[in-house]
Structures are given as structure tokens and as C-alpha cells.
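K.L.:
generate coordinates for the sequence data below:
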Amino acid sequence: GLISNILEENVVQPLLVSMSAIRLATETVRSILKIDDIIETM
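P.N.:
Next up is the predicted model:
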């Protein structure tokens, strides 16, 4: 493989994709923490 500029290669990731990934990861962590809290209180 060669090292190249991603802008010259038209490999640009839209901001919405990055924001969506962060949002989904955050929701996943919150769900895991909620489940952990529910199991702990049983």
C-alpha cells in the first residue's frame, strides 16, 4: 500500500457518520449500565 492524502483520494467521511457512531456507542453503553444496575438490585 501507498501513503496518500485522503482528500486527494476522495475518502472523506461525513460528520453525520461520525456523530451517528458516537451517538450509537453512547446509547449502547447506557443500555449496558442500565442492565447492570437492574441485575445488581435483584
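
K.L.:
quick one, helices of this protein?
P.N.:
15-41 (DSSP state H).

K.L.:
ok, Leu24 to Ser31 distance?
P.N.:
Taking C-beta to C-beta, to the nearest Å as the measure, Leu24 and Ser31 are separated by 11 Å. C-betas here are computed from N, CA, C, even on glycine.

K.L.:
I misspoke; the intended subject was Ile6.
P.N.:
When C-beta to C-beta is applied, the distance between Ile6 and Ser31 equals 33 Å.

K.L.:
low-confidence stretches in this structure?
P.N.:
42 (pLDDT under 70).

K.L.:
just the CA trace of stretch 15-29, in CSV.
P.N.:
Presented in CSV, the C-alpha positions along stretch 15-29 are these (Å, rounded to 0.1, in the frame of the first residue of the first chain):
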residue,chain,number,x,y,z
LEU,A,15,-19.6,14.5,10.0
LEU,A,16,-23.0,12.9,10.3
VAL,A,17,-21.5,9.4,10.1
SER,A,18,-19.0,10.2,12.9
MET,A,19,-21.7,11.8,15.1
SER,A,20,-24.0,8.8,14.5
ALA,A,21,-21.3,6.3,15.5
ILE,A,22,-20.7,8.3,18.7
ARG,A,23,-24.4,8.5,19.5
LEU,A,24,-25.0,4.8,19.0
ALA,A,25,-21.9,3.9,21.1
THR,A,26,-23.2,6.2,23.9
GLU,A,27,-26.7,4.6,23.7
THR,A,28,-25.1,1.1,23.9
VAL,A,29,-23.1,2.0,27.0
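
K.L.:
can you give me the buried ones in it?
P.N.:
Within stretch 15-29, no residue qualifies as buried by neighbour count (16 or more other C-beta atoms under 10 Å).

K.L.:
off-centre distance for that stretch?
P.N.:
On the basis of C-alpha atoms, centre = their mean, to the nearest Å, the separation between the geometric centre of stretch 15-29 and that of its chain is 4 Å.

K.L.:
with stretch 9-28 instead?
P.N.:
The gap between where stretch 9-28 is centred and where its chain is centred comes out at 6 Å by C-alpha atoms, centre = their mean.
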